[in-house]
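Visitor: here is my input; please provide its structure:
(chains A and B)
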Number of protein chains: 2
Amino acid sequence: MKKVAGGVTVAKGFKAAGQHVGLKRKRKDLAILMSEVPATVAGVFTTNVVKGAPVTWSHKVVSAGTPIKAVVINSGHANSCTGPQGDIDCVKMAEATALALGCAAEEVAVASTGYIGVQLPIDKICAGIPIVAGLLAATEEGGTAAAEAIRTTDLFTKQIAFQLDIDGTKVMIGGMAKGSGMVHPNMATMLAFVTTDINITQELLSLAMKESVCTTYNMISVDGDTSTNDMALVFANGLAGNKLIESADDKNFIIFKTALHTVNELLAKAVARDGEGATKFLEVSVIGSESREDAQKLAKSVVSSSLVKTALFGEDANWGRIIAALGRGGVNFDPSKLSISFDSDAGHLPLMCKGKPLVVNTNDAHKVLSEKDIRISIDMVAGGSEARAWGCDLSYDYVRINGAYRT
Amino acid sequence: MKKVAGGVTVAKGFKAAGQHVGLKRKRKDLAILMSEVPATVAGVFTTNVVKGAPVTWSHKVVSAGTPIKAVVINSGHANSCTGPQGDIDCVKMAEATALALGCAAEEVAVASTGYIGVQLPIDKICAGIPIVAGLLAATEEGGTAAAEAIRTTDLFTKQIAFQLDIDGTKVMIGGMAKGSGMVHPNMATMLAFVTTDINITQELLSLAMKESVCTTYNMISVDGDTSTNDMALVFANGLAGNKLIESADDKNFIIFKTALHTVNELLAKAVARDGEGATKFLEVSVIGSESREDAQKLAKSVVSSSLVKTALFGEDANWGRIIAALGRGGVNFDPSKLSISFDSDAGHLPLMCKGKPLVVNTNDAHKVLSEKDIRISIDMVAGGSEARAWGCDLSYDYVRINGAYRT
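Guide: A predicted model of the protein is given here:
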């Protein structure tokens, strides 16, 4: 598996484009991602009870189980809490894209991110769709333009790509994501789109995606809020020409799963790193847990604790807050067995060993915590399972970005 | 039921004192609250898996079901994560208090709040206990001194008291609480102590306290973290001389329950109002829910959302974040039925009516949200149950207080 430049357009037969069509002030706000031949698709959607119209539509499109052609994504407006008109506008986006690409509306997934509760400027979008369709390109530039157009308050564009070898056949996989959230209102909406030219059944594509999401996109936390519009889709169009992967026991399935998982994990981490107002990236690693579920609960409880996050912003080696967050994580454990440490490129800082607090040298702590990438390692000494979760610190800028109306 | 001045010393036979004994720099840091005759006691304790030594000790004392004499409380150090020495020191606090008061150590509950993971300066505490015991007084000053001594980063002292009439007998009830948290580390520890001279069985006292805690202390959120040291105790010494309340059907039990609940609710709200860095007090009221459990989940999800809290700080009528918080609350509901409004002393601001967003006038929004006390009212139109939760906004000062090491 070799890292290559680019994102959603590295795989054969995929084209993408992004353009400003007037939803945001200046920046790109409409993207189309398409496959020359219908592609097998799998996806996961927000668990929020309140779902934006595009989530309902795309869930239906993906659930049909048949190959689709494209996804159209707008930023600036979430098309959520927009009532029956929101559903109509969502269908209009699918129809306009279908018309431009020469396919059926049911072959077009839709995603939106931005303001909630405001009707889409659907005329601008429908006028923009043929323009963006005209720009579709299989180039790195096309993929980058799409990755730019799905951004909201993201500070950087998130894309990644790899080349695999499947029995001597070159297979490509790449993806793009956006996180962070809108300036107003901040929904911290996460969108991710992965494309690959591998030849695989829908069942296995779906299995690989669902397994991977549990330990990637579902293990990041910027502020604990779940958007009404979250969505992650993977498209596989088979154009690489490898022998169809149709068994979960096939070694090539394992290779693909690993590649898909790597793409998802890197995109998820990029979203966490770019959390609103973040000055530091945090990885919480829990090992020695009784079960993976326990480890995941504990890691998420720590990564999403406001007290841990502010301590991190303050570069404060505050293990008391870590223990308190573990203790309210919904998992029973023996505190007298716990070991906890901080790690960064500047060194290793043990805080607690088998339940015993260690004396922490302030200079050492300062050195380790002044880095941008911090890991908290926790050993529960209760079993063989582990999990990692990713997040960021809680800074003045988070409050400024999200309380922006008061000056 | 008549509000009166004072707190834990208004009920007959209760004495209190608070004094500086050297745990904090200058402020009072040790309190004793005692009853002249052994008092029936009931309590609730933190659900955090990691429990401070005083929680374990006091839970045992209360669970014995026999009357006790006193509680001793220190601020400055939490005596949590302090290993076997922490348990020994906790027993020493109980023993020193018992010696000073002439009772058994098993008749003394212990509570601590402050730094985690640091051994108690137990010699200072044991030297201070007889001094504080010497100051014990049945006066308002005694109660206030105790309420002051249990404070950490609390900006104000929290106490409240009422007089009831039970079949012509005057019964008094009063309480004190602390919340907010320590400057370092901030555990947002909540302690509450209620005293009454009512004559009631331990079973009914315990029943009334447990029922009340669910809808008072358990419905406040400052930052979603649960301390290792939370504790709420109620003492009833029977000195009012009313006929013993021994049946849950007794109308006097209802009168007492209401009074206890009022005391708990007012203390809980005072803790929320004094959340670290808080500039606004928030009440979230959910009505029309299918069950009380659902209503509580929904109210707590909104009151603890970082996005709702920052919007409140920004005085931003952001109903999108409220909806998103409801949607991730773990309760299924129909968004098209929801009505949502903001209320304050400056007016009523409807945001959504039966699922339809309303046009919000910016000036009206500004007027309503510029107040200090804000209520969010949510009607689920799904049943007859309701719940309220209390919290505060998320401000720059919260980040400053909790990230204090970085200047």
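Visitor: which ones are touching A:Thr82?
Guide: Neighbour list for A:Thr82: A:Gly52, A:Ala53, A:Asp89, A:Gly117, A:Val118, A:Gln119, A:Leu120 [criterion: Cβ atoms under 8 Å, 6 or more residues apart in numbering or on different chains]. Glycine gets a C-beta too; all of them are placed from N, C-alpha and C.
Visitor: chain B next: which of these are close?
Guide: A:Gly117, A:Val118 (Cβ under 8 Å from any Cβ of the partner chain).
Visitor: residue numbers of the stretch 1-150 of chain A in contact with chain B?
Guide: A:47-51, A:78, A:80-81, A:83, A:115-118.
Visitor: which members of those residues are positioned in strands?
Guide: With strands taken from DSSP state E, the overlap with the residues of the stretch 1-150 of chain A next to chain B comprises A:Tyr115.
Visitor: for the residues of the stretch 1-150 of chain A next to chain B, which one is nearest B:Val171?
Guide: When the residues of the stretch 1-150 of chain A next to chain B are compared for distance to B:Val171 (Cβ to Cβ), A:Val49 wins out at 45.8 Å.
Visitor: so that closest one sits against B:Asn332, correct?
Guide: Yes. With contact defined as Cβ atoms under 8 Å, A:Val49 reaches B:Asn332; the gap is 5.9 Å.
Visitor: can you give me the helices for the stretch 301-407 of chain A?
Guide: Under the criterion DSSP state H, counting those that start in this stretch, the stretch 301-407 of chain A contains helices at A:306-313, A:319-327, A:362-369, A:396-402.
Visitor: mind checking those for the one nearest to B:Gln19?
Guide: With Cβ to Cβ as the criterion, B:Gln19 lies closest to helix A:319-327 of these, at 26.3 Å.
Visitor: and that closest one, how far out from the chain middle?
Guide: Centroid separation between helix A:319-327 and its chain, computed with Cα atoms, centre = their mean, to the nearest Å, is 27 Å.
Visitor: is chain B contacted by that helix?
Guide: Yes. Helix A:319-327 lies within reach of chain B by Cβ under 8 Å from any Cβ, at A:Trp319, A:Gly320, A:Arg321, A:Ile323, A:Ala324, A:Ala325, A:Leu326, A:Gly327.
Visitor: tell me the pLDDT of the nearest residue to A:Asn199 once chain neighbours are set aside.
Guide: With Cβ to Cβ, 6 or more residues apart in numbering or on different chains as the measure, A:Gly238 is the residue that lies nearest to A:Asn199, at 3.9 Å, once sequence neighbours are left out. On pLDDT, A:Gly238 comes in at 98.
Visitor: cool, A:Asp225 as well?
Guide: According to the prediction, A:Asp225 has pLDDT 64.
Visitor: buried ones in the longest helix seen in chain A?
Guide: The single longest helix within chain A, with elements called by DSSP state H, is helix A:251-273. By 16 or more other Cβ atoms under 10 Å in any protein chain shown, the buried positions in helix A:251-273 come out as A:252-253, A:255-257, A:259-273.
Visitor: so does that helix get close to chain B?
Guide: No. If you take Cβ under 8 Å from any Cβ as the test, helix A:251-273 misses chain B, and the best it gets is 15.1 Å.
Visitor: next SSE after that helix?
Guide: strand A:281-289 (DSSP states H and E).
Visitor: returning to that earlier point: give me the number of residues near the residue nearest to A:Asn199?
Guide: Neighbours of A:Gly238 under the rule other Cβ atoms under 10 Å in any protein chain shown: 21.
Visitor: in a helix, it, correct?
Guide: No. Counting by DSSP: H, G, I helix; E, B strand; the rest coil, A:Gly238 is located in no helix; its state is coil.
Visitor: need phi/psi at it.
Guide: phi 80, psi 0 (degrees, to the nearest 10).
Visitor: which of the residues of the stretch 1-150 of chain A next to chain B fall within helices?
Guide: Using DSSP H, these in helices are A:Gly83.
Visitor: PyMOL command for the buried members of the residues of the stretch 1-150 of chain A next to chain B?
Guide: Restricted to buried positions by 16+ other Cβ under 10 Å, the PyMOL selection for those reads:
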select buried, chain A and resi 48+49+50+51+78+80+81+115+116+117+118
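Visitor: now do the end-to-end distance for stretch A:286-300.
Guide: Taking Cα to Cα, to the nearest Å, stretch A:286-300 runs 10 Å from one end to the other.
Visitor: does chain B sit close to it?
Guide: No. Residues of stretch A:286-300 contacting chain B under Cβ under 8 Å from any Cβ: none, with a closest distance of 10.0 Å.
Visitor: contact partners of that stretch?
Guide: Outside stretch A:286-300, the residues that touch it by Cβ under 8 Å, 6+ apart are A:214-215, A:219, A:221, A:284-285, A:302, A:326, A:329-331, A:333, A:377-389.
Visitor: just give the number of residues close to A:Arg388.
Guide: Look at A:Arg388: counted by other Cβ under 10 Å, it has 20 neighbours.
Visitor: and the most centrally placed residue in chain A, how far is that from A:Phe281?
Guide: Residue closest to the average C-alpha location in chain A (Cα atoms, centre = their mean): A:Ala268, at 4.2 Å. Look at A:Ala268 and A:Phe281: by Cβ to Cβ, to the nearest Å, they are 12 Å apart.
Visitor: same question for A:Ile68.
Guide: A:Ile68 is 34 Å from A:Phe281, by Cβ to Cβ.
Visitor: again, but for A:Gly241
Guide: A:Gly241 is 39 Å from A:Phe281, by Cβ to Cβ.
Visitor: need the pLDDT of the residue nearest to A:Ile166 when sequence neighbours are not counted.
Guide: Of all residues beyond its chain neighbours, the one nearest A:Ile166 is A:Asn242 (4.4 Å), with distances taken as Cβ to Cβ, 6+ apart. For A:Asn242, the pLDDT comes out at 98.
Visitor: again, but for the one 10 residues further on
Guide: According to the model's per-residue confidence, A:Asn252 sits at a pLDDT of 97.
Visitor: re the thing from before, wasn't the residue nearest to A:Ile166 part of a strand?
Guide: No. Using three-state DSSP, the assignment for A:Asn242 is coil, not a strand.
Visitor: thought A:Asn199 was touching it, still the case?
Guide: Yes. If you go by Cβ under 8 Å, A:Asn242 and A:Asn199 touch, sitting 5.0 Å apart.
Visitor: show me the contacts for A:Ala11.
Guide: Going by Cβ under 8 Å, 6+ apart, the list of residues near A:Ala11 reads A:Val171, A:Met172, A:Ile173, A:Gly174, A:Thr195, A:Thr196, A:Asp197, A:Asn237, A:Leu239, A:Ala240.
Visitor: count the residues that sit near the last one.
Guide: When you say that, I think you mean A:Ala240. 21.
Visitor: surely it meets A:Ile173?
Guide: No. Using Cβ under 8 Å, A:Ala240 is not in contact with A:Ile173, being 9.6 Å away.
Visitor: where do the contact lists of the two overlap?
Guide: Common neighbours of A:Ala240 and A:Ile173 (Cβ under 8 Å, 6+ apart) are A:Ala11, A:Thr196, A:Ile198.
Visitor: now tabulate the residues you listed in TSV and tack on pLDDT and secondary structure.
Guide: Output for the shared contacts of A:Ala240 and A:Ile173, formatted as TSV (pLDDT from 0 to 100; DSSP: H, G, I helix; E, B strand; the rest coil):
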residue	pLDDT	secondary structure
A:Ala11	98	coil
A:Thr196	98	strand
A:Ile198	98	coil
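Visitor: chain B: which of these is nearest?
Guide: A:Thr196 (30.8 Å; Cβ to the nearest Cβ).
Visitor: might one say that that closest one is in contact with A:Ile166?
Guide: No. With contacts counted by Cβ under 8 Å, A:Thr196 stays clear of A:Ile166, the gap being 10.5 Å.
Visitor: those two: who's more crowded?
Guide: Neighbours per residue (other Cβ under 10 Å) separate A:Thr196 from A:Ile166, with A:Thr196 holding more: 33 against 22.
Visitor: what's the local residue count around the closest residue to the more buried one other than its chain neighbours?
Guide: Spatial nearest neighbour of A:Thr196, excluding adjacent residues (Cβ to Cβ, 6+ apart): A:Ile173 at 4.0 Å. Neighbour count of A:Ile173, defined by other Cβ under 10 Å: 27.
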